[in-house]
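Asks: Sequence first, predicted coordinates after that:
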Amino acid sequence: MNANKRAKLIERVKAIAGLTDDERGDLLELLRTQKTYGLVWEDKPEDVEERLRDELPVLIEDESKRLTDGGDDAPNHILIEGDNLEALTTLAYTHAGKIDVIYIDPPYNTGNKDFIYNDSYVDSEDTYRHSKWLSFMSKRLRIAKKLLSDRGVIFISIDDNEQANLKLLCDEVFGLNNFISSLPRVTKKSGKDHSDNIAKNHDFVLIYAKNISLAIFNGIKTEENGYDNSDEFVAKRGKYKLNQTLDYNSLWYNPAMDFPIVVDRQVFYAGGDEAKHRLRHQGIHNPKDWVWRWSQAKFDFGLANGFVVFKRGRNGVRIYTKTYLNASIGKKGNEYFIEYKERETKMGSLTFTENIFSNDNAKKDIEPIIGGNAFDFPKPVSLITQICEICSHEDSTILDFFAGSGTTLHAVMQLNAEDGGHRQCILVTNNENGICENVTYERNKRVINGYTKPNGEFVEGLNGNNLRYYRTAFVGRSRSPQNLRKLVRLATDMLCIKEDLYAERQAFAGQEVVKQAFRYFEKGDKRMLIIYREEAVPLLVPLIEQFELPQGERIKVYVFSPSEDPWAGDFEDVEDKVELCALPMAILNAYKRVLPKRKDQNIYVESSPSKLEGVPRSGGGVCPPDSLFPEMEGGER
């Protein structure tokens with residue numbers, strides 16, 4: 001349909017009598033969004049999406065599963081048990097624009113009981129098999145894009161069943177110009193395959209950037225393969241290779257690099273022949289002939305600093321140079337110096353075809369920890385470590401919302417241990433067949449605390465990490481006074497996640513905390529005050545005024561308000577000490593950008609009460625401001 005026909009049809013739809021506003025709106029939206037090119041599928045309703053039309057998700061911590069022996073400065077990793085569409089919705093508030101790397105391993109939709117849609121397996125005979133999968137992925141990827149930071153990158157494992165469809169979908173969601181690569185990955189080097197023709201032993205990793213002009217790819221650290229020798233400098237320079245002689249046949253003969261080297265009264269010539277050396281300096285030489293790779297000055301520096309080895313072979317003694325893993329000879333002006341840096345290589349399109357990234361190694365990763373049959377088709381730790389190494393920095397946040405066996409968290413903690421990083425990982429998975437509690441959580445609990453292998457060997461834990469376990473819960477979506485207050489009350493754990501601040505204090509500025517009214521969190525230079533009862537504001541402002549803060553620091557204040565005004569006028573005297581945020585409107589606005597439309601669009605909004613006259617309490621009645629704390633003395637503290 002061309003543009004003129006579409007415009008005329010839109011006007012006719014607007015004029016049709018007898019349509020409800022919703023029906024007319026749906027028809028107009030269908031016409032306006034009709035594609036002229038791209039991926040088109042039959043959208044299949046999803047139960048979890050329908051639930052989100054009526055209820056809002058929040059996160060509630062299961063404190064019994066909290067692992068926080070890593071200390072106050074350890075990274076706080078997050079494990080969320082629940083449907084990933086619900087969890088992603090909550091992250092749209094806590095982590096919008098904050099995720100640096102996303103890795104997901106979604107169901108491959110093989111038709112062999114690997115993909116569940118609306119509580120039923122999608123088999124190969126399902127007419128809407130691909131439409132269901134695309135509907136499922138589209139909703140989640142669109143939220144994932146909002147979570148990525150400007151330099152963020154997403155990696156998606158997939159195989160031939162949906163690779164072509166996923167590529168088109170990601171082109172649409174992230175933009176074709178942000179496509180980086182589709183890398184093959186070896187799944188197994190050998191073994192039986194059930195295909196009738198070509199044995200399949202690879203899948204793919206699709207890579208997209210949020211903004212390709214800002215994405216940063218680090219080099220891959222050089223493996224120690226071949227660096228087999230050690231000397232007295234190994235602690236700082238690493239091991240070294242000894243596979244290169246100092247002399248070689250140059251592509252172009254240079255007499256300045258053809259000089260005798262004298263060491264301990266022994267003379268060495270490039271190529272090992274003094275007579276030929278003399279002939280070369282008389283002009284009798286080939287265009288390509290023997291010279292040294294280093295100048296006399298560089299050789300003298302290398303010899304004095306342990307970069308040179310004299311090695312006897314069949315043709316006498318030859319000079320070799322050491323290639324260290326983490327050191328080389330640099331030059332600034334006329335001066336030579338030892339340059340220390342980790343050797344890196346650029347990631348190639350065949351990087352993941354090495355066997356270290358295969359599923360065979362994934363089984364070896366997980367079996368000693370919780371047994372080899374705990375999870376089908378896990379990904380190897382090496383794969384995720386490599387992904388994090390090339391696309392993250394030491395303080396990155398990594399997300400996996402198809403967490404499965406929890407490999408991504410294991411890999412992040414291992415990489416932190418290797419390079420001293422402080423990366424944080426967020427995992428999301430459902431608890432089908434107890435996978436979240438018994439596999440994802442249990443595996444990483446053992447990785448943190450240490451575990452004993454089947455052979456009796458104890459593996460020390462990566463104990464410089466904290467892990468917190470959350471479940472999704474729900475609040476009615478209609479904006480009744482009760483729902484608005486309940487949403488703020490249940491949002492406490494989400495606010496702690498958002499601010500990465502969990503250290504709760506029992507008093508604020510000398511005032512004992514009354515949890516029904518407010519709570520206070522503080523660690524280092526971070527401070528957060530959550531005010532659940534707006535009538536507490538006049539009582540807390542004087543406390544904030546007397547609270548001593550270092551120059552330039554502020555208290556983040558989340559305060560209940562039925563509007564987007566965080567009672568700014570009441571905080572006017574302390575505006576230089578606070579950063580205000582009105583709840584629940586900040587949460588509702590974030591959710592609005594990702595949630596499906598409500599069925600009932602008639603939304604009740606509570607009118608703004610006056611704190612000066614007494615405020616309706618959630619339990620009924622009126623609470624004058626000066627009676628707030630005395631009345632709550634018997635309540636929760």
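Replies: Alright, I've got the coordinates. Residues are numbered from 1 along each chain as shown.

Asks: And the residue sitting furthest away from the middle of the chain, how close does it get to A270?
Replies: Distance to the chain centre peaks in the chain at Q282, reaching 64.6 Å (criterion: CA atoms, centre = their mean). Remark: distance between Q282 and A270 (CB to CB, to the nearest Å) = 15 Å. Just so you know, the C-beta spots here come from the backbone N, C-alpha and C atoms, and that holds for glycine as well.

Asks: Give me the pLDDT for the residue farthest from the centre of the chain.
Replies: Per-residue confidence (pLDDT) for Q282: 93.

Asks: Please apply the same query to T33.
Replies: Per-residue confidence (pLDDT) for T33: 62.

Asks: where along the stretch 401-550 of the chain do the strands fall?
Replies: Here the stretch 401-550 of the chain has its strands, by DSSP state E, counting those that start in this stretch, at 424-429, 451-452, 458-459, 466-476, 504-505, 507-508, 511-512, 518-523, 526-531.

Asks: One more: the stretch 1-150 of the chain?
Replies: 55-61, 76-81, 99-104, 116-117, 120-121, 148-158.

Asks: average pLDDT for the last one?
Replies: What that stands for is strand 148-158. 96.

Asks: next structured bit after it?
Replies: Using DSSP states H and E, the helix or strand that follows strand 148-158 in sequence is helix 163-174.

Asks: Go through whichever helix or strand comes after that next one and list whatever outside residues touch any part of it.
Replies: Going down the chain from helix 163-174, the next helix or strand is strand 179-186, by DSSP H and E. Applying CB atoms under 8 Å, 6 or more residues apart in numbering, the contact partners of strand 179-186 are 153, 157, 163, 167, 170-171, 201-209, 212, 215, 349-355, 357-358, 383.

Asks: Wait, V428 touches G406, no?
Replies: No - using CB atoms under 8 Å, V428 is not in contact with G406; the gap is 10.9 Å.

Asks: if we can go back for a sec, looking at the strands of the stretch 401-550 of the chain, which is nearest to V439?
Replies: For the strands of the stretch 401-550 of the chain, the distance to V439 is smallest for strand 424-429, at 8.7 Å, taking CB to CB.

Asks: same question for the helix or strand that comes right after the closest one, mean pLDDT?
Replies: Once strand 424-429 ends, the next helix or strand along the chain (criterion: DSSP H and E) is helix 435. Averaged over helix 435, pLDDT sits at 92.

Asks: just to revisit the earlier point, the strands of the stretch 401-550 of the chain: which one's closest to P538?
Replies: strand 526-531 (11.0 Å).

Asks: neighbouring strands for that closest one, and are they parallel or not?
Replies: Paired neighbours of strand 526-531 in the sheet (DSSP bridges): strand 518-523 (antiparallel), strand 555-560 (parallel).

Asks: May I have that strand exported as CSV, CA atoms only?
Replies: Below are the C-alpha coordinates for strand 526-531, written out as CSV (Å, rounded to 0.1, in the frame of the first residue of the first chain):
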residue,chain,number,x,y,z
LYS,A,526,26.0,7.4,49.6
ARG,A,527,23.0,8.3,51.7
MET,A,528,19.3,7.5,51.0
LEU,A,529,16.2,8.5,52.9
ILE,A,530,12.9,6.8,52.0
ILE,A,531,9.8,8.7,53.3
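
Asks: what does that strand contact?
Replies: Residues outside strand 526-531 that contact it (CB under 8 Å, 6+ apart) are 492, 495-496, 499-501, 508, 517-522, 537, 540, 544, 549, 553-560.

Asks: And that strand, what's buried?
Replies: Under the neighbour-count criterion of 16 or more other CB atoms under 10 Å, strand 526-531 has 527-531 buried.

Asks: Quick one: mean pLDDT over that strand.
Replies: The average pLDDT within strand 526-531 is 98.

Asks: re the thing from before, any idea how far the residue farthest from the centre of the chain lies from K276?
Replies: In terms of CB to CB, Q282 sits 11 Å off from K276.

Asks: can you check G421 too?
Replies: The gap separating G421 from K276 is 54 Å, by CB to CB.

Asks: For the stretch 201-350 of the chain, give me the ranges with low pLDDT.
Replies: Within the stretch 201-350 of the chain, the ranges that satisfy pLDDT under 70 run 220-225, 251, 343-344.

Asks: What segments of it are strands?
Replies: 202-209, 220-221, 240-245, 247-249, 261-263, 266-268, 290-292, 308-313, 316-324, 327-332, 335-340, 344-345.

Asks: K592: neighbour count?
Replies: 11 (other CB atoms under 10 Å).

Asks: Would you indicate which residues of stretch 553-566 are buried?
Replies: 555-562, 566.

Asks: farthest pair in these?
Replies: Spanning the widest gap among the buried residues of stretch 553-566 are I555 and P562, at 22.4 Å by CB to CB.

Asks: So for the protein, which residue is the most central one in space?
Replies: Nearest to the mean C-alpha position of the chain, by CA atoms, centre = their mean, lies I398 at 1.5 Å.

Asks: low-scoring stretches of the stretch 451-600 of the chain, by residue?
Replies: In the stretch 451-600 of the chain (pLDDT under 70), the answer is 599-600.

Asks: For the helix or strand where N589 lies, name the packing helices and strands.
Replies: In the assignment (DSSP H and E), N589 maps to helix 585-592. Applying 3 or more CB pairs under 8 Å, 6 or more residues apart in numbering; DSSP states H and E, one finds that helix 585-592 contacts strand 55-61, helix 84-94.

Asks: Quick one: closest of the ones you listed to K44.
Replies: Shortest separation from K44 across those is recorded for helix 84-94, at 13.9 Å, computed as CB to CB.

Asks: Outside of the closest one itself, list whatever touches it.
Replies: So helix 84-94 is in contact with 46, 48-49, 51-52, 56-59, 80, 99, 139-140, 143-144, 146-147, 399, 401-402, 426, 428-430, 472, 494, 497-498, 586-587, 590-591, 593-595, going by CB under 8 Å, 6+ apart.

Asks: Give the buried residues for stretch 319-334.
Replies: Using 16+ other CB under 10 Å as the test for burial, stretch 319-334 gives 319-327, 329.
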